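Asks: For reference, the sequence and a predicted model appear below.
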Amino acid sequence: MMWISLSLLLTVSFSTSQTGDYCENVIEECQHDPVAWTRCYEDRIVTCQIRRRGFKMIRHMVNSSHEAEEHLTFQHGVHIPSSALQRSRGAPAGSDENVLLVITLLSSSLFELHGGTPIPDQSTDKKNNILGDLVLVVKAGLHPVSNLSQPVRLIFKHNEQAIKGSCVFWKEPETKERAGHWSTDGCHTNQTENEFVCSCSHLSFFAVLVNPITSVGQTDVQNLTYITYIGSALSVIFSAASLVIYICLHRRRPEKAIGIHMQLTAALLCLHLCFLMCNLWVWLENKDGGDWVCQILGLFLHWSLLATFSWMAVEGFHLYLLLVRVFNIYVRRYLLKLSLVGWGLPTVVAVVCGICGVYGKYTLVIKDANNQTSLAQICWISSHFPQSSLVIYITVVSFLGLVVLYNSCMLGLVVVKLWRLREGSSGWKNLSKERGDRLWKDCATLLGLSCVLGLPWALAYSTYFSFSLPGLYLFTIFNSLQGQYV
């Protein structure tokens, strides 16, 4: 009887060791529930057994009356204040003050399987990437922790150059029909040269979303550089000549259209001059000083770019009044009011950004086909400013989108107006040679108007949202030579 009992005990022990709750198997078992798999994982890692010696996990009891600081790897550190540990206990004062703390790492590919926006498609460079493709998991106590007055600090170290990122946490879907996603709610990002410090008001699954490195070959970089510098230099020359001509014409015939062209030409001249000076200063700058000069140049470059966008919008507005409304378009002090928009709005934005310390040296990392990286720098909105991406998106990307959309509508109205005029005069069905020449002239006029209205700037979106090398070439050629079209 004793031997039978012993054999049964050994059998049970053996089967338990084969099907034990091992931490290495928790992910696979929890993923059967696509909605709450992260909650399942948090519950299971508290009690699971670590079978493999190299498994990255910290799990031990800590005193909730003291802050906890742990380093899972050289690249990942966690600092939890005592207030967060005490809240995770969920027990009255005087009870056991020890709290179980669990810290581990997961692959970011696990979150792609469950939605994971904006997790990138790893085969492309079109979206943000997870830093190191790793997600840091922090679990303390048995109760959820959120809305902390003292934030939890998470440290993500890296050895990559000139990347920008933001701290995010995984937000579970509410229903099966929805997908989980990464969110920045409750997390603040502080970036230094070689690390990200995330200050979050809760415990969860944390990661850092970083911008991908632009992949351009060295030959393409040189070609684009030559096109940019030569085109900008030509634009400076032609813009200066055009400005002199417009000033002379305006003195003889003080027409509103000439005055508006003169203002747009002046804005373009300032833009290309500032661009060349910003690049020249970075090339000549001594690393030991001169930051304030780069900040001033960056301010003027931003201001001249916004002024160019503003006067392009003014050109579209004046074109609408001139060709569409035609009658009853007298406005008192018309040019003065337009100048308040064309020069005043960019000045206000640039001054506010300057007071906030936005400007400085912007660094772009360029990677070729051999994974060799090089740095391109310019005096612009500083890469080290915490909200530099937000500033660029609001003041440049969004503003440009509104201008291009507005001017596209104005150009469409002009096309309709010309079509009706031609159709009303003699019809377009039986085109003679003279009418055919007139059609070509109209097309050339529309092409010229498109350049004056800044529609080629829409090519910037082919490089901002999804990288396109042909789009980058077209954008560089058209816009570096814009000063010659005005």
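Replies: Structure's in. What do you need? Numbers count the residues shown, from 1 in each chain.
Asks: Grab the nearest non-local neighbour of the residue most central in space within the chain.
Replies: Central residue of the chain (CA atoms, centre = their mean): S389, 5.0 Å from the mean position. The shortest distance from S389 to any non-neighbouring residue, by CB to CB, 6 or more residues apart in numbering, is to K164 (6.2 Å). C-beta here means a position set from N, CA and C on the backbone, and glycine is covered the same way.
Asks: distance of the one you found from K56?
Replies: Taking CB to CB, to the nearest Å as the measure, K164 and K56 are separated by 27 Å.
Asks: Give me the more crowded residue out of these two.
Replies: When K164 is set against K56 and neighbours are counted by other CB atoms under 10 Å, the residue ahead is K164, at 19 against 14.
Asks: wouldn't the more buried one be in contact with V210 here?
Replies: Yes. K164 lies in contact with V210 (CB atoms under 8 Å); the separation is 6.8 Å.
Asks: Wait, H188 touches R153, no?
Replies: No. Using CB under 8 Å, H188 and R153 do not qualify as a contacting pair, with a distance of 10.0 Å.
Asks: which residues do the two both contact?
Replies: Shared between the contact lists of H188 and R153 (criterion: CB atoms under 8 Å, 6 or more residues apart in numbering) are residues 198-199.
Asks: and those two? which has more neighbours close in?
Replies: The residue with the greater number of neighbours, taking H188 and R153 and applying other CB under 10 Å, is R153; the counts read 18 against 15.
Asks: so which helix or strand takes in the closest residue to that one other than its chain neighbours?
Replies: Spatial nearest neighbour of R153, excluding adjacent residues (CB to CB, 6+ apart): H79 at 4.2 Å. Element membership of H79 [criterion: DSSP states H and E] is strand 76-80.
Asks: before we move on, what about T363?
Replies: Here T363 is covered by strand 359-367, with elements defined by DSSP H and E.
Asks: Tell me, how many residues neighbour G357?
Replies: The local packing count at G357 equals 11, with neighbours defined by other CB under 10 Å.
Asks: which residue packs closest to it, ignoring adjacent ones?
Replies: With sequence-adjacent residues excluded and distances taken as CB to CB, 6+ apart, G357 is closest to F385, at 6.9 Å.
Asks: does L100 count as helix, strand or coil?
Replies: strand (DSSP: H, G, I helix; E, B strand; the rest coil).
Asks: Just give me the neighbour total for it.
Replies: Other residues near L100 number 16, with proximity taken as other CB under 10 Å.
Asks: In contact with it, which residues?
Replies: With CB under 8 Å, 6+ apart as the criterion, the residues that contact L100 are 46, 59-62, 140-142.
Asks: What's opposite it in the beta bridge?
Replies: According to DSSP bridges, M61 are recorded as the beta-bridge partners of L100.
Asks: Could you check the pLDDT of it?
Replies: Reading off the per-residue confidence, L100 sits at a pLDDT of 91.
Asks: Compute the distance between it and A68, please.
Replies: When CB to CB is applied, the distance between L100 and A68 equals 11 Å.
Asks: tell me which residues of stretch 21-38 are tucked away?
Replies: Neighbour counts using 16 or more other CB atoms under 10 Å place 22-23, 26-27, 30, 35, 37-38 of stretch 21-38 among the buried residues.
Asks: average pLDDT for it?
Replies: For stretch 21-38, the mean per-residue pLDDT is 77.
Asks: Report the distance from that stretch to the chain centre.
Replies: The chain centre lies 33 Å from the centre of stretch 21-38; the measure is CA atoms, centre = their mean, to the nearest Å.
Asks: Kindly report the same for stretch 234-251.
Replies: Between the centre of stretch 234-251 and the centre of its chain there are 37 Å (CA atoms, centre = their mean).
Asks: tell me what the longest helix seen in the chain is packed against?
Replies: Here the longest helix in the chain is taken by residue count, with DSSP state H as the criterion, and it is helix 218-252. Helices and strands touching helix 218-252, as assessed by 3 or more CB pairs under 8 Å, 6 or more residues apart in numbering; DSSP states H and E, comprise helix 256-284, strand 373-381, helix 469-480.
Asks: could those be laid out in JSON lines, adding distance to T395?
Replies: As requested, the helices and strands packed on helix 218-252 are arranged in JSON lines below (distance: least, CB to CB, whole Å):
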{"stretch": "helix 256-284", "distance to T395": "15"}
{"stretch": "strand 373-381", "distance to T395": "9"}
{"stretch": "helix 469-480", "distance to T395": "18"}
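Asks: Give the residues shared as contacts by L100 and A68.
Replies: Taking CB under 8 Å, 6+ apart as the contact rule, the neighbours common to L100 and A68 are 62, 140.
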